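Trainee: Take this sequence and fold it.
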Amino acid sequence: MKNILARGGIEFLAVLLGITASLWIDKNQNENQNENERIKMLTSLQIEINEIKNYCDERKRTWKKDISLLNEFLYPSNGIFSVDSILKMTTSKSRIERFMIIYRVFDPPMNRYYSIINSGDLKYVKSDKVKELLSRLHNTSFSYVETSVEYEKQLKQSFLSFLAINHSDVILARDNTKISINRYAELLNDAIKSDDKLKANFIMIKRYLEIKMTQLKLYMINLDDLEREINLVINN
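Mentor: Numbers count the residues shown, from 1 in each chain. Next up, the predicted model:
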């Protein structure tokens with residue numbers, strides 16, 4: 001009887017140890033899988049951050065040139081308009097027209113972020129700081145830049161009709177191959193000097209561009225903060 005009880009006890013312990021070991025292995029496997037998914041997701045975000053940085057650098061250069069062109073027409077050096085100053089920045093009539101009537105979208109690459117949100121993979125991020133910075137970047141900061149773009153869009157849409165009605169010669173000159181970039185710039189400058197309403201519109205466009213540039217810089221600061229935090233989390 002004792003032998004039967006002893007054998008039964010040993011078998012029970014063996015089963016218990018087997019179950020415990022199996023649960024321990026499963027737990028370790030799950031933890032390892034979660035860790036792999038976490039690293040994979042954070043690495044994916046790192047790649048996207050670099051893509052967004054490149055995109056923002058391009059937007060920043062373009063918007064900066066828009067502002068510089070506007071300054072040459074509105075506030076020329078020594079108060080004297082210089083076609084040469086315009087030609088140093090562009091030799092294209094289309095490029096000049098673009099800053100007047102076309103608003104520039106802000107559409108950074110965020111497919112990886114949206115994929116992580118939609119799939120629920122954000123659960124693998126243990127760092128509350130990373131989650132906070134992701135939300136600040138892709139929700140708060142992004143919406144500020146988008147709002148600035150929308151205001152610029154509305155202004156330029158109303159400005160386009162004003163320009164076409166009151167300064168059709170400037171609009172027509174862009175496609176006229178007989179009119180050089182030099183003459184085109186002079187036509188626009190003459191129109192600005194002779195029409196305070198036109199000048200006021202350009203001043204408002206410049207202000208919106210500067211606001212948009214400020215919001216972009218804040219967005220890029222948040223992007224740097226996120227990159228730093230993700231690097232810390234991966235390396236720790």
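Trainee: What residues sit buried inside stretch 148-155?
Mentor: S148, V149, Y151, E152, L155 (16 or more other C-beta atoms under 10 Å). C-beta: built from backbone N, CA, C; applies to glycine.
Trainee: residues in contact with the nearest residue to the second one once chain neighbours are set aside?
Mentor: Read that as V149. Leaving out its chain neighbours, the residue that sits closest to V149 by C-beta to C-beta, 6 or more residues apart in numbering is F106, at 5.2 Å. The contact partners of F106, taken as C-beta atoms under 8 Å, 6 or more residues apart in numbering, are R59, F142, V145, E146, V149, K212, L216.
Trainee: what's near enough to touch the fifth one?
Mentor: V149 makes contact with Y103, R104, V105, F106, K212 under the criterion C-beta under 8 Å, 6+ apart.
Trainee: What of the fourth one?
Mentor: E146 makes contacts with F106, as judged by C-beta under 8 Å, 6+ apart.
Trainee: State the distance from it to V125.
Mentor: 25 Å (C-beta to C-beta, to the nearest Å).
Trainee: Can you spell out which helices and strands pack onto the strand or helix carrying E132?
Mentor: Using DSSP states H and E, E132 sits in helix 128-135. Packed against helix 128-135, as judged by 3 or more C-beta pairs under 8 Å, 6 or more residues apart in numbering; DSSP states H and E, are the following elements: helix 196-235.
Trainee: Distance from the helix it packs on to the middle of the chain?
Mentor: The chain centroid and the centroid of helix 196-235 are separated by 9 Å under C-alpha atoms, centre = their mean, to the nearest Å.
Trainee: Give me the angle between that helix and helix 128-135.
Mentor: Orientation check (axes from the mean of the first three to the mean of the last three C-alpha atoms, to 10 degrees): helix 196-235 against helix 128-135 gives 160 degrees.
Trainee: which strands and helices sit next to helix 196-235?
Mentor: Contacts defined by 3+ C-beta pairs under 8 Å, 6+ apart place helix 196-235 against helix 2-74, helix 93-101, helix 128-135, helix 142-166, helix 181-194.
Trainee: tell me which residues in the helix or strand just after the first one are buried?
Mentor: This points to helix 2-74. Note on helix 2-74: by DSSP H and E, the next helix or strand toward the C-terminus is helix 83-89. Buried positions in helix 83-89, judged by neighbour count with 16+ other C-beta under 10 Å: V83, S85, I86.
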